[in-house]
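Colleague: Can you look at this prediction? I've put the sequence above it.
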Amino acid sequence: MVLCGNKCDLEPQRQVTKVEAETVAKNWAVPFYETSALARINVEEAFYALVREIRKEVNVKKGPVKKGKGGGCKIL
């Protein structure tokens, strides 16, 4: 999971402070990004962080990779 504060380009209409959001993200042990699709701020970064979180979770569930006799194809 990744916590995103959306529409960071609309600062005057903010309802949650950055500090509050960072505190929640820290308590949940997840990355936090302030994003704006309109201004293209941190959208890609948040997406890639989410992908990294998913990959970490998948790797934990799969366990260690078993070594085969070689050859074959691996999808990461």
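Modeller: Cool, got the structure.
Colleague: Show residues contacting the helix or strand of the chain with the lowest mean pLDDT.
Modeller: Across the helices and strands of the chain, mean pLDDT, DSSP states H and E gives its lowest value to helix 43-62, namely a mean of 91. Residues outside helix 43-62 that contact it (Cβ atoms under 8 Å, 6 or more residues apart in numbering): 1-2, 4, 30-31, 33, 35-37. C-betas here are computed from N, CA, C, even on glycine.
Colleague: swap the cut-off to 10 Å and go again
Modeller: With Cβ atoms under 10 Å, 6 or more residues apart in numbering as the test, helix 43-62 has contacts from 1-6, 30-37, 42, 65, 76.
Colleague: go on, stretch 6-15?
Modeller: Contacts of stretch 6-15 (Cβ under 10 Å, 6+ apart): 5, 18, 21, 33-43, 46.
Colleague: again, but for stretch 25-32
Modeller: Stretch 25-32 is contacted by residues 1-5, 18, 21-24, 33, 42, 45-46, 49-50, 52-53 when judged by Cβ under 10 Å, 6+ apart.
Colleague: repeat that for 6 Å
Modeller: Contacts to stretch 25-32, defined as Cβ atoms under 6 Å, 6 or more residues apart in numbering, come from residues 1-3, 21-22, 49.
Colleague: Please list only the buried members of these.
Modeller: Buried by 16 or more other Cβ atoms under 10 Å: 2-3, 21, 49, out of the contacts of stretch 25-32.
Colleague: Farthest pair within those?
Modeller: Greatest spacing in the buried ones among the contacts of stretch 25-32, by Cβ to Cβ: Ala21 and Ala49 (14.5 Å).
Colleague: what are the ranges of the helices in this structure?
Modeller: Assigned by DSSP state H, the chain shows helices spanning 18-28, 43-62.
Colleague: Go through the first one and flag the buried ones.
Modeller: For helix 18-28, the buried set under the neighbour-count rule, 16+ other Cβ under 10 Å, comprises 21, 25.
Colleague: starting at the chain centroid, how far to it?
Modeller: With Cα atoms, centre = their mean, to the nearest Å as the basis, helix 18-28 stands 14 Å off its chain's centre.
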